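Visitor: here is a sequence together with a model predicted from it:
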Amino acid sequence: MSRIGRMPISVPAGVEVKNDNNLITVKGAKGEISKQFSKEMGIEIADGVITVTRPSENKNHKSLHGLTRTLIANMITGVTTGFSKTLEVEGVGYRVAKQGKDLVMNLGFSHQVIMPERDGITIDVPNPNKIIINGIDKQKVGQFAAEIREKRPPEPYKGKGIRYEGERIIRKEGKAGKGKK
């Protein structure tokens, strides 16, 4: 059996989970998330514990087993603590600011790059070189962070651009061997 899939998910106090024909709705302090899962997976909620079962040892069922359990666990984590991604902006003249619900970025282009906040996502800019993206849906937070990073990914020579916090950029040497033959 799947090691991840067979682990039970404990539902913390203050979180309400409903199962309506594998449409799981999780309601908590930070909000509410709903997701439709495969009809083949068995999802049981009893005594504050959620268990996911699969009907057979079919490869497709094995794949869905662990995935379903992890997605439900992420939904519960999202409504209790939420998810966060931190981006760092590095480069001379590169800076970010928040104007209303828009993220305004100066990234060395001739124009400003403006990205509006989306549903379920909040943007925080504690200083001009840091962006913090918060939300209850892990997939949406990661996707939005990736779209911001895509506007100016870090380059390998000087390391300028937008990177995830703690991301290590492998640097290249540049024109070190120019005059040698």
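Guide: On my side now, so go ahead. These numbers come from a predicted model, not from an experiment.
Visitor: every contact and neighbour count from this point should use C-alpha atoms.
Guide: OK.
Visitor: buried set for stretch 41-59?
Guide: Neighbour-count burial for stretch 41-59, counted by 16 or more other CA atoms under 10 Å, picks out 41, 42, 43, 50, 51, 52, 53, 54.
Visitor: with adjacent residues omitted, what lies nearest to the last one?
Guide: This points to residue 54. Among residues not flanking residue 54 along the chain, residue 41 sits closest, at 5.2 Å (CA to CA, 6 or more residues apart in numbering).
Visitor: equivalent analysis for the second one, please.
Guide: Among residues not flanking residue 42 along the chain, residue 53 sits closest, at 4.8 Å (CA to CA, 6+ apart).
Visitor: wouldn't that neighbour be in contact with residue 8 here?
Guide: No - the criterion here is CA atoms under 8 Å, and residue 53 misses it with residue 8 at 10.2 Å.
Visitor: roughly how far apart are the residue nearest to residue 54 and residue 23?
Guide: Separation of residue 41 from residue 23 (CA to CA, to the nearest Å) stands at 11 Å.
Visitor: and what of residue 136?
Guide: Distance from residue 136 to residue 23, by CA to CA: 18 Å.
Visitor: between those two, who's got more neighbours?
Guide: Neighbours per residue (other CA atoms under 10 Å) separate residue 136 from residue 23, with residue 136 holding more: 25 against 15.
Visitor: residue contacts, the more buried one?
Guide: Contacts here follow CA atoms under 8 Å, 6 or more residues apart in numbering; on that basis residue 136 touches 30, 31, 33, 75, 77, 78, 79, 81, 82, 83, 120, 121.
Visitor: 7 Å instead, please
Guide: By CA atoms under 7 Å, 6 or more residues apart in numbering, the contact set of residue 136 is 78, 79, 82, 83, 120.
Visitor: my guess is the fourth one contacts residue 134. True?
Guide: Think residue 83. Yes - using CA atoms under 7 Å, residue 83 makes contact with residue 134 at a distance of 5.7 Å.
Visitor: those two: who's more crowded?
Guide: residue 134 (23 against 20).
Visitor: please name the bridge partners of that one.
Guide: Beta bridges link residue 134 to residue 84, residue 122, judged by DSSP bridges.
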